[in-house]
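# would you be able to build a 3D model of this:
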Amino acid sequence: MHPTNQRVLDAVAAAGIEQRMIWLDEHARTAALAAAQIGCEVAAIANSLVFDADGEPLLVMASGAARVDTDLIATTLGVGSVKRADAGFVRAATGMAIGGVAPTGHPTRFRALVDEDLADFDEIWAAGGTPDTVMALTYEDLVRLTGGEPARVR
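Purely as a prediction, here's the structure:
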């Protein structure tokens, strides 16, 4: 097991959430690729997207079917600017590479929003820390795990 996967599983266990991580046959760097391997709707994939919000990392857990509206996010948070973070910013904030960023297991917890559209599913799937792992969660688990606030993101 990759050390990042173990770090994620440890964080899940510490939050009192059942560990349900699976290893995929192929890397799934997009929601569509993950959904195809899991056999779920793309909208049930919880993308861990990291943004730069006035220089601070922001985690947005967005439905795989959503296109995040950064202006809406900036207004929701009351910040001047929200922009997509580059690979270096993402790795510094999460310790993970784009395409495998989990909702937890980061060096420090930072501000998070959780897409309200994900609440429509009994089971959602988020990355497990590497591009070949995913974990099943409930919406409530995802909110608790990230410390995030439910929000409209599109």
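# with adjacent residues omitted, what lies nearest to the spatially most central residue of the chain?
When the chain is reduced to its mean C-alpha position, the closest residue under C-alpha atoms, centre = their mean turns out to be residue 48, at 2.3 Å. With C-beta to C-beta, 6 or more residues apart in numbering as the criterion, residue 48 has its nearest non-adjacent residue at 4.1 Å, and that residue is residue 101. All C-beta spots, glycine's among them, are computed from the backbone N, C-alpha and C.
# picking up where we left off before, partner residues bridging the residue nearest to the centre of the chain?
Residue 48 has these beta-bridge partners by DSSP bridges: residue 61.
# same thing with residue 150?
According to DSSP bridges, beta-bridge pairing links residue 150 with residue 114.
# quick one: the strands in the chain?
For the chain, strands defined by DSSP state E occupy the ranges 21-23, 45-53, 56-63, 82-84, 112-115, 124-127, 133-137, 149-151.
# returning to that earlier point: surely the residue nearest to residue 48 and residue 50 touch.
Yes: look at residue 101 against residue 50 with C-beta atoms under 8 Å: they come within range, at 6.5 Å.
# overlap in contacts of those two?
Counting by C-beta atoms under 8 Å, 6 or more residues apart in numbering, the residues touching both residue 101 and residue 50 are 90, 94.
# coming back round to it: including mean pLDDT and distance to residue 14, could the strands of the chain go into a markdown table?
As requested, the strands of the chain are exported to a markdown table (pLDDT from 0 to 100; distance: least, C-beta to C-beta, whole Å):
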| stretch | mean pLDDT | distance to residue 14 |
| --- | --- | --- |
| strand 21-23 | 96 | 15 |
| strand 45-53 | 98 | 18 |
| strand 56-63 | 98 | 17 |
| strand 82-84 | 97 | 29 |
| strand 112-115 | 98 | 16 |
| strand 124-127 | 98 | 16 |
| strand 133-137 | 97 | 14 |
| strand 149-151 | 98 | 20 |
